[in-house]
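Enquirer: predicted model and sequence follow; I will ask about them next.
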Amino acid sequence: MDFKKLDLIDPILKALSTEGYTTPTPIQAQSIPLILEQRDLLGCAQTGTGKTAAFAIPILQLLYKNKGEERGPHKIKVLILTPTRELAIQIDESFAAYGKHTGMSHTVIFGGVSQLHQTNILRRGVDILVATPGRLLDLISQGFIDLKFLKIFVLDEADRMLDMGFINDVKRIITKLPAKRQTLFFSATMPPEIQKLANALLTNPAKVEVTPASSTVDAIDQSLYYVGKTEKPILLLHLLKDADIITALVFTRTKHGADKVVKFLHRHEITAAAIHGNKSQNARQHALGNFKDGKLRVLVATDIAARGIDIDELSHVINYELPNIPETYVHRIGRTGRAGNTGIAISFCDADERSELKDIQKLIGISIPVVKNHPYELSAGLITGPVIPQPKQGQGQGQKRSRGFGGNNRGKSGNFSGRRQTNNY
Ligand code: AMP
């Protein structure tokens, strides 16, 4: 399948060719024709699947084709609502890339920074607005944004909105949208509250699903290190001796934990920075920029800060601590192995994290291959001893989310080489 088969206009095909895209990803092949038919869409997909282009390309085409209809200043015709600043910036960059020959104007707004630059652009008028919920409501209430000309509404990462406590803001925004519009709704999972929201928002939607767990799992080389809690820093250092780890995104559960790992790495002369909610927007963008440019070898992140960040050619994801929501594991490792590349995901598991591991393995449908005989291995008794359930806390509302659309979550188990049975790092 080729993008040319999707009836795309030349200005978009030209931009895609500049981006080096030739073949649509499954979510793109399925969604683009439906969105061009102006259908409402319920998409089950996470970042890393090509989801952004799946909605950005047809939206740009629809706007371009109706360009002649409207004269005068730009009015907001498309709103993309997304939970994090990083994701918002990336979506805006995607509109810039795919739409560069279409003449459509777009901008991005998010909190944590001065609004002046944002309101100056809004005053001039934009066709496409990418926004996080809080800043959007703020600027609506100040009269800078009027959504009454909106034609298309995209709700991105709906389940994450719920996790991050934004769901009421989202509902308030929805009350401000015109009733007649096309709605595209994306979520990696469908907990009941999100399903209810989808039912309320969508009219006779087409449903498109790329099974997130299995597709991610298949593309990524996963391994597991049993290790004592206090030995995790030294194991990380040990692994980083491997020059094959050019860049690593390391996940911790807490902001404090992220800072501690960075300090430890600095002491051992490894370039690293942390991104989490306590860091300013500028500090986060700076760290991300340095990491993307190769000036930093390690980026340590909490789930919320890292959600959706798009780093091409990220070779390694390291789960320094396992997440207590199993789907988060899939989101984390999905940062590597993007758009068909293979990636490597290494997970540390201490004696207290075995119940999280069990839940993760149940979700992805495989036992993650265990690296044996490494220098910091947890003693056998602690690996196989009784699991003491840990209190579930942390992320968002601390609830386990449902298993999505009931897609096939089984990964392949036979495609791992035997090398991880020995210590190669
Ligand atoms: P997303 O799921 O939107 O975060 O996209 C994941 C990554 O895949 C991004 O780096 C995109 O630039 C890239 N990408 C999206 N669509 C394609 C495609 N058809 N061919 C190659 N790369 C793509």
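Expert: Perfect, I can see it now.
Enquirer: any idea how far the ligand is from Pro58?
Expert: From Pro58 over to the ligand the distance is 13 Å, taken as C-beta to the nearest ligand atom, to the nearest Å. For glycine as for every other residue, the C-beta is placed from the backbone atoms N, C-alpha and C.
Enquirer: so which strand or helix has that residue?
Expert: helix 51-65 (DSSP states H and E).
Enquirer: which elements pack onto that helix?
Expert: helix 10-19, helix 26-36, strand 41-44, strand 78-81, helix 85-98, strand 152-155, strand 182-187 (3 or more C-beta pairs under 8 Å, 6 or more residues apart in numbering; DSSP states H and E).
Enquirer: Lys263 is nearest to which of the ones you listed?
Expert: Of all the helices and strands packed on helix 51-65, helix 85-98 sits nearest to Lys263, with 23.2 Å by C-beta to C-beta.
Enquirer: list of residues touching the helix or strand just after that closest one?
Expert: Counting by DSSP H and E, the next helix or strand C-terminal to helix 85-98 is strand 106-109. Contact partners of strand 106-109, identified using C-beta atoms under 8 Å, 6 or more residues apart in numbering, comprise 88-89, 91-92, 95-96, 99, 115, 118, 121-122, 126-132, 135-136, 139.
Enquirer: can we see that at 6 Å?
Expert: Identification of contacts with strand 106-109 by C-beta atoms under 6 Å, 6 or more residues apart in numbering yields 88-89, 92, 95, 118, 121, 126, 128, 130-131, 135.
Enquirer: which of these tops the neighbour count?
Expert: Comparing the contacts of strand 106-109 by number of neighbours (other C-beta atoms under 10 Å), Val130 comes first, having 28 neighbours.
Enquirer: so that residue touches Leu81, yeah?
Expert: No - Val130 lies out of contact with Leu81 (C-beta atoms under 6 Å); the separation is 8.3 Å.
Enquirer: quick one on the thing from earlier: contact partners of the helix holding Pro58?
Expert: 9, 12, 27-28, 31-32, 35-36, 45, 78, 91, 94-95, 98-99, 102, 104, 127, 152, 154, 184.
Enquirer: relative orientation of that helix and strand 182-187 in degrees?
Expert: Interaxial angle of helix 51-65 relative to strand 182-187 (axes from the mean of the first three to the mean of the last three C-alpha atoms, to 10 degrees): 170 degrees.
Enquirer: ok, back up a step: so how do I select the buried members of the contacts of helix 51-65 in ChimeraX?
Expert: The ChimeraX selection below is limited to those of the contacts of helix 51-65 classed as buried (16 or more other C-beta atoms under 10 Å):
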select :12,27,28,31,32,35,36,45,78,91,94,95,98,99,102,104,127,152,154,184
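Enquirer: and the contacts of helix 51-65 near the ligand, which?
Expert: Gln28 (C-beta under 6 Å from any ligand atom).
Enquirer: one step back: could you give the mean pLDDT of the helix holding Pro58?
Expert: In this model, helix 51-65 has an average pLDDT of 96.
Enquirer: helix or strand right after the lowest-mean-pLDDT helix or strand in the chain?
Expert: Taking mean pLDDT, DSSP states H and E as the measure, the helix or strand of the chain with the lowest value is helix 212-219, at a mean of 57. Next helix or strand after helix 212-219 toward the C-terminus (DSSP H and E): strand 220-226.
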